[in-house]
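K.L.:
what follows is a protein structure lacking sequence information:
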């Protein structure tokens with residue numbers, strides 16, 4: 001579920017805790033989510049959510065880096 005407030009998009013995942021989400025995830029807008037995801041993995045991050053279409057061709061993924069930080073990626077269609 002998601003909504004927009006001004007220029008900010010907010011998405012809510014009522015089952016996020018089942019994937020280890022303990023708080024909000026900031027998503028970086030990227031032009032190529034596969035390439036950006038691979039760069040993070042090559043730098044030592046671990047996939048927490050594979051690339052997923054969340055509607056209308058909008059793709060998201062998120063990883064946990066070596067320090068435990070959550071990094072989200074977002075690609076618009």
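P.N.:
Happy to help now that I have it. Just so you know, these numbers come straight off a predicted model, no measurement behind them. Numbers count the residues shown, from 1 in each chain.

K.L.:
I'd like the next helix or strand past the helix or strand residue 39 falls within.
P.N.:
Using DSSP states H and E, residue 39 maps to helix 33-42. Counting by DSSP H and E, the next helix or strand C-terminal to helix 33-42 is strand 46-53.

K.L.:
ok, what's across the strand from residue 72?
P.N.:
Under DSSP bridges, the beta-bridge partners of residue 72 are residue 27, residue 62.

K.L.:
same question, residue 53
P.N.:
Going by DSSP bridges, residue 53 is paired in beta bridges with residue 59.

K.L.:
separation between it and residue 74?
P.N.:
For residue 53, the distance to residue 74 (CB to CB, to the nearest Å) stands at 12 Å. Using the backbone N, CA and C atoms, a C-beta is placed for each residue, glycine as well.

K.L.:
and residue 33, what pLDDT?
P.N.:
At residue 33, the pLDDT value in this model is 98.

K.L.:
buried residues in the lowest-mean-pLDDT helix or strand in the chain?
P.N.:
When the helices and strands of the chain are scored by mean pLDDT, DSSP states H and E, strand 8-11 comes last with a mean of 70. Neighbour-count burial for strand 8-11, with 16 or more other CB atoms under 10 Å as criterion, is recorded at residue 11.
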